[in-house]
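Engineer: How does the following fold in three dimensions:
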Amino acid sequence: MPSGNAASAIKVLLLISKYTGNSPLLNHMALDISPVYEAKVCYLSGVPDGKNTLDGLGRAIYLDCDGRLAGSGIKTLFALVRLLKKERPEILHCHRHKPTVYGAIAARLAGVPHVISHVHGLNRTRSLGRKITNRFIFGAVDKVIAVSDGVNKDVLRTNTAIPPGKVVTVHNGIDVDRVAAVSAGRDEVRERLGLKKDAVVFGTVGRLAQTKGQVYLLEAFSVTLKNLPGSVLLIAGDGPLMGELARKAEDLGITPSVRFLGHRQDVLEIMRAFDVFVFPSLAEGLPLALLEAMASGVIVVASNVGGIPDVLGNGLYGRLVPPRDAGSLAAAMTDAALLSAEEKRKTAEAARLRVLGEFTKEVMCKALTDVYGELPGSDAQGG
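Structural biologist: Below is the predicted model of the structure:
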């Protein structure tokens, strides 16, 4: 087995569509993998912003910093081929559809031995064109990684030509030490946010987009507010639906009780102010915000979609509700908020231990190491 030093480590290149900001998940995959492997991340587009952890470590490659490849698939493809010939990775690990398409073709042209496709969400094979493309592209990769069992089943259901053994589940993982390092307590965070210490606080975190289901959360909260007067809903995140959701809150007459916090860098601290974390998504692979809330000791109400049941043990570690069902969501929110202090403590602790046991960056990276090590006929097997 290779020793893991710079001269003998097996090279892995993680291929990403676009740089959109520092990503803890990618950082873990690149930096916390077994030392048998040396990983870098290549972004097909996007420019550095000085905030990427990988930059200072020489682990980030921006294929199109100056925009010269914009709009040209052929130029992008051959720029990637040149990069692969220069970097000579043993494994090209492509995240999401577009990088898999470019990566599978470029790897063949550049002689890269192994290609992996990583699927992060549900319903990614939505059209006939995507089905046809996937038939060829998935046939050219060694493994397809799904972030949850729900995504795994979705990939196999919508791509019937894939042998089931080619698709493996590797759960996303978080840095639980980073969660534990948050020193601010519930009362301190609430004071900082201008919240009453005794208020019932519901909260959610995520991009403000249709698939995240926040409109149903607002409808549910309007009902919950009648049952729990004085309660507050905090929504952390930004996105295209910000204006629409603000208008929805106004139409429902709940604007004084809803706080849109926008994009925040202190989400882990904000979660300490929550009594109940609500995740009303319509489709999810395996959401990191859900893992962070559970690791923070917050009880959870979430939609029964995608990888969420995986995380919540089909309801053992949090309440599951049907998506798009504001009535069921409101009932679950009220029930969760009215649990006794002891019930809240037991529920939150069970959920926290669930994350610590199954959804850490260490568990994720060990699983990735196993996938890499099972690739046939190469040094990736460790000797």
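Engineer: Wasn't residue 219 part of a helix?
Structural biologist: Yes - the assignment for residue 219 (DSSP: H, G, I helix; E, B strand; the rest coil) places it in a helix.
Engineer: Let me see the contact set for it.
Structural biologist: Residue 219 makes contact with 248, 252, 326, 329-330, according to Cβ atoms under 8 Å, 6 or more residues apart in numbering. All C-beta spots, glycine's among them, are computed from the backbone N, C-alpha and C.
Engineer: Of those - the most surrounded one?
Structural biologist: When neighbours are counted by other Cβ atoms under 10 Å, residue 329 leads the contacts of residue 219 with 27 neighbours.
Engineer: my read: it touches residue 278, true?
Structural biologist: Yes - contact criterion Cβ atoms under 8 Å: residue 329 and residue 278 qualify, at 7.3 Å.
Engineer: Any chance you could list residues touching both of the two?
Structural biologist: Both residue 329 and residue 278 are contacted by 217, 220, 301, under the criterion Cβ under 8 Å, 6+ apart.
Engineer: Check the last one and give its pLDDT.
Structural biologist: Okay, so that is residue 301. Reading off the confidence values, residue 301 has pLDDT 98.
Engineer: now swap in residue 377 and tell me
Structural biologist: Looking at residue 377, its pLDDT stands at 61.
Engineer: ok, now residue 160?
Structural biologist: We have a pLDDT of 88 for residue 160.
Engineer: doesn't it fall inside a strand?
Structural biologist: No - counting by three-state DSSP, residue 160 falls outside a strand, being coil.
Engineer: Name the residues of the helix or strand harbouring residue 371 that come out as buried.
Structural biologist: Residue 371 belongs to helix 361-373 when elements are defined using DSSP states H and E. Buried residues in helix 361-373, counted by 16 or more other Cβ atoms under 10 Å: 361, 363-365, 367-368, 371-373.
Engineer: so where do the strands sit in the stretch 101-250 of the chain?
Structural biologist: Taking DSSP state E, counting those that start in this stretch as the test, the strands found in the stretch 101-250 of the chain are 114-119, 143-146, 167-169, 201-205, 232-236.
Engineer: how about those in TSV, adding distance to residue 356?
Structural biologist: As requested, the strands of the stretch 101-250 of the chain are exported to TSV (distance: least, Cβ to Cβ, whole Å):
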stretch	distance to residue 356
strand 114-119	24
strand 143-146	22
strand 167-169	19
strand 201-205	20
strand 232-236	23
